Structure formats: C-alpha cells, structure tokens
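1. Attaching a predicted model along with its sequence, questions to come.
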Amino acid sequence: MKPTSYETGHAPKNERAILAGHAQKDKEHIQRSIEELALLADTAGAKVAGTIIQRSGTIHPGTFLGKGKVEELKALADQEDAELVIFDDDLSPAQVKNLEKMVNRKVIDRSELILDIFAKRARTRESRLQVELAQLEYTLPRLTGMWKHLERQAGGIGTRGPGETQLETDRRMVREKIARLKHELEAVERERQTQRARRQREYRAALVGYTNAGKSTLFNALTRAGVFVEDRLFATLDSTTRQLVNAERDMVLMTDTVGFIRKLPHHLVASFRSTLAEAIEADVLLHVTDASDLDFRRHLIAVDGVLDEILTEPRPPRVMVFNKCDRMGEDAVAGLRAEFPDARVVSALTGEGLDELRTELFAASRTRAEARRAVPPPRELEDWEKPAEPKA
C-alpha cells in the first residue's frame, strides 16, 4: 500500500502539482476557490504547475471529473512533469484509486492537503496530538477502500482469508491509537481547564477569523507578544494568551486562535475543540477579517459556520474587526463603515484604529470588574439556617 502525504508527514519539497476542480458545486466562485487551493499547496511545499477545471456536467461517481477531463488532466500532468494532483473537493477512496490508476500519479483531496499542512506546522504536543487524531479519523473509513481487492475473499465460514484479517488488523490498530490519542488529549484538556479556571475572573477576548486575516499581527500589535507571523495560510495552530494592561491597571486577557477556512475538514474542527475552548469561553469574540480581500463576505460565512458548530448557548458576543484597511482607498473604507456600522476598521500594520479598540476592551473589562464588586460575597449560613442532616 503506497504511503500518502498524511502518512509521511509532509509533501516533498517543491513537488510539482496539478490542481483540479469541478464548477458544479461553486460555479460563481470556483476560480477564487482554486486560487485558495494554490495557496494551500504552496504552504504545504508544492509548486503549482497547472490547473484543470470542469465547468459543466455532473460529478462522475467513479472519477469525480468526466472521462474527457481526466484524459486532459493526465496530458497536462505529463506535459508539466507533475508528481501530484490535488482536488479542490473531498474524494471517495474509490475515486482516488481510479484517478491514480488513470493519471498514473498520486492524487489527494483538499482535506488531505489541509491535514498535511497542519501536521507540518504543529509545534506543541497538544497540536500534534490533535492533528494525528484528525488524520487517523480521516483514514479509518478509507481503510475499506484501500483493502477492497482483498476483502472480497471474505464470504462466510471457511472463506475468511488474509484480506479480511489484514483489514480488521488495520482497523483495530487505528481504533486503538485513536482511543489512546483521545485519552492523552483529555489529560491535556484537564490541564487547560485548570489554567482557564484561574483566569475566569479576568475579562477575556479571543481573536477568531479566516486564516491569513492578520489575527497574529493584530495580536502582536495589541499585546507586543511577538508570536510567529507569516504571510501564509495556517501560520498559527496553537492558541496563545497574553495580558493587555493599561495605565489604570485594567486588564484584558487576549487569545490568538487557529484560523478557519472554507471546507475545513470536520475531523480537524472536532479534534481542535479543546484549543478552540478559549474562544468558546471568552467574554467577547473579535472576528478579524481581511477587509482588502474581495472574497471577505464568503470568509465571514465560513467562519460563522465553524463557530456555529463549536459554540454553545449562551454564545459570547461578537465584534467585527476589519483588518488591513491600509490596503484600501478612502472610498472603500467609507463604504465598509456604511455597510457594517458596528464594526471596527483597523490596520495591525500601521496601528490605525488600535487605540480605539484597546479603549473599548478596557472599558468592557472595567464594567465587568465593577459588576463583580457590586455583587456581595455569599453569606455564611447561621447554624439555625442550615438544613438538617438526614437521619441514618
């Protein structure tokens, strides 16, 4: 069985790749989706050598693309000497197998590419555990497809051959490892809960948003934290919390979180739940958006979809923060303010609008502190007020 990119841990450096997509699911925005896929491929270390888009027809159940497009895909891969084909949508195990046979190259889908990037960029023990768990949960349902040619030998008493044994052995090993990783993550989560319990009295703000919206740059500008910043997708995987304090000693605990993206693999969202708990338990969510991106409205929808999946009631209030206004003209900024009157328009690079944002956060922190002080501490019950002990 040939190892895939998520099994080897990362894509080979400068591996030449052809991008493929089908416009049926996204006719209006397929080009921007492919451009985003190209950024993902670049982040993973691949070099985009060409693009194939099927703009008409239905999705083929066996090969995703139609027969003609698959032949065109193979010809382009041969011409560009590409080793890899990356699809913009999730593929079934059968589709991957058929496509690899027809184009004679490794084929992966968008989810596998994102998992590869997360595996490459995970730094802390927690994020590595989370990524490995997501990879195994992604792999488990695909084991049947991988061993389909041997599984057919199983047909009842006396026909249980090596195919079924190998398949069941693989499934058991994967399930056991998933259980072990979940157990380890539960231990890490207990540590996080202890840390969060110590910070419950403080006002907490969490930065959330689409990947590469400038959250970490904004986080550094507000807190002088010095976290890693790079103009690539998913530069930040681990949440970081820092204090924001003013001259009056008002304090805000600010957390930078992992960015979201369209078609984010469900297993990643599930396994990163403990990391995103910082956002779940925050007093306010600062939804950071790259205002200069022409596709920012779809980014808003994608982030809202992930937040709706992880947040429980009551949900913390959200404040829209449009970043990178330094890249926009005055008329565009004025139009943005008119369309989103309650949003904050800032530039983490130049510092525009950051003083006002800090002032709002400190005011909210002060209001919360005053409200806490106004609530009297719980009174100790007198002996005559205490409920009677139940008789043995």
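-> Sure thing, it's come through.

2. From the chain's centroid, how far away is stretch 287-301?
-> Its chain's C-alpha centre lies 16 Å from the corresponding centre of stretch 287-301 when counted by Cα atoms, centre = their mean, to the nearest Å.

3. show me where pLDDT drops low in this protein?
-> Within the chain, the stretches with pLDDT under 70 are 1-13, 25-27, 144-165, 195-200, 227-232, 235-238, 271, 273-275, 277-278, 375-392.

4. Determine which residue lies closest to the centroid of it.
-> Central residue check for the chain by Cα atoms, centre = their mean: the C-alpha nearest the mean position is that of residue 260, 4.3 Å away.

5. what bridges to it?
-> Using DSSP bridges, the bridge partners assigned to residue 260 are residue 210.

6. And it, how far from residue 123?
-> Between residue 260 and residue 123 the distance is 19 Å, computed by Cβ to Cβ, to the nearest Å. C-betas here are computed from N, CA, C, even on glycine.

7. For the stretch 151-300 of the chain, just list every one of the helices.
-> Along the stretch 151-300 of the chain, counting by DSSP state H, counting those that start in this stretch, helices occupy 162-198, 215-223, 266-271, 273-280, 296-310.

8. Out of those helices, which gets nearest to residue 34?
-> The closest of these to residue 34 is helix 296-310. By Cβ to Cβ, the value is 13.9 Å.

9. Which strands or helices does that closest one pack on?
-> When contacts are defined as 3 or more Cβ pairs under 8 Å, 6 or more residues apart in numbering; DSSP states H and E, helix 296-310 packs onto strand 203-209, helix 266-271, helix 273-280, strand 284-290.

10. To residue 345, which of those lies closest?
-> Nearest to residue 345, of these and by Cβ to Cβ, is strand 284-290 at 10.2 Å.

11. which residues are contacting the closest one?
-> If you take Cβ atoms under 8 Å, 6 or more residues apart in numbering as the criterion, strand 284-290 is touched by 204-210, 212-215, 218, 279, 296, 299-300, 303, 307, 316-324, 361, 364.

12. Using PDB, write out every CA atom in it.
-> What follows is strand 284-290, C-alpha atoms only, in PDB (Å, rounded to 0.1, in the frame of the first residue of the first chain):
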ATOM      1  CA  VAL A 284     -16.100  38.600  23.600                       C
ATOM      2  CA  LEU A 285     -15.100  37.300  20.200                       C
ATOM      3  CA  LEU A 286     -13.200  39.700  18.000                       C
ATOM      4  CA  HIS A 287     -14.000  38.400  14.500                       C
ATOM      5  CA  VAL A 288     -11.000  39.500  12.400                       C
ATOM      6  CA  THR A 289     -11.500  39.800   8.600                       C
ATOM      7  CA  ASP A 290      -9.100  40.900   5.900                       C
END
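
13. What sits closest to residue 306 if chain neighbours are left out?
-> Of all residues not flanking residue 306 in the chain, residue 260 sits nearest, at 4.7 Å (Cβ to Cβ, 6 or more residues apart in numbering).

14. Show the contacting residues for that neighbour.
-> Here residue 260 is in contact with 208, 209, 210, 211, 302, 303, 306 (Cβ under 8 Å, 6+ apart).

15. can you rerun that using 6 Å?
-> By Cβ atoms under 6 Å, 6 or more residues apart in numbering, residue 260 lies in contact with 210, 302, 303, 306.

16. From what I see, the first one and residue 299 are in contact.
-> Yes: with the criterion set as Cβ atoms under 6 Å, residue 210 and residue 299 qualify as a contacting pair; they are 3.9 Å apart.

17. Could you tell me which residues touch both of these two?
-> Here residue 210 and residue 299 share no contacting residue, scored by Cβ under 6 Å, 6+ apart.

18. coming back round to it: the contacts of strand 284-290, buried ones only, as a ChimeraX selection?
-> The buried residues among the contacts of strand 284-290 can be selected in ChimeraX (16 or more other Cβ atoms under 10 Å) with this line:
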select :204,205,206,207,208,209,210,212,213,214,215,218,279,296,299,300,303,307,316,318,319,320,321,322,323,324,361,364
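
19. what separates residue 184 from residue 172, distance-wise?
-> Taken as Cβ to Cβ, the span from residue 184 to residue 172 is 19 Å.

20. Would you mind telling me which of those two has the busier surroundings?
-> Higher neighbour count among residue 184 and residue 172: residue 184, with 15 against 10, using other Cβ atoms under 10 Å.

21. Quick check: closest non-adjacent residue to the more buried one.
-> Using Cβ to Cβ, 6+ apart, the nearest residue to residue 184 is residue 129, at 5.6 Å.

22. host element of that neighbour?
-> helix 125-139 (DSSP states H and E).

23. okay, the angle between that helix and helix 162-198?
-> With axes from the mean of the first three to the mean of the last three Cα atoms, to 10 degrees applied, the angle from helix 125-139 to helix 162-198 works out at 150 degrees.

24. Mind giving me the packing neighbours of helix 125-139?
-> When contacts are defined as 3 or more Cβ pairs under 6 Å, 6 or more residues apart in numbering; DSSP states H and E, helix 125-139 sits against helix 110-121, helix 162-198, helix 266-271.

25. For it, could you pull out the residues that count as buried?
-> The neighbour-count check on helix 125-139 (16+ other Cβ under 10 Å) flags 126-139 as buried.

26. Could you list the domains of the chain?
-> 5-117, 123-149+166-198, 202-374 (automatic domain parsing).

27. which stretches of the stretch 1-150 of the chain form strands?
-> All strands of the stretch 1-150 of the chain, identified by DSSP state E, counting those that start in this stretch, fall at 15-22, 46-54, 84-87, 106-108.

28. any idea how far the shortest one is from the chain center?
-> Which is strand 106-108. For strand 106-108, the distance to the chain centre is 21 Å (Cα atoms, centre = their mean).

29. Would you list the strands that that strand pairs with, along with their directions?
-> Partners of strand 106-108 in its sheet, by DSSP bridges: strand 84-87 (parallel).

30. just the first one next, same as before
-> In the sheet, strand 15-22 lines up against strand 46-54 (parallel), strand 84-87 (parallel) (DSSP bridges).
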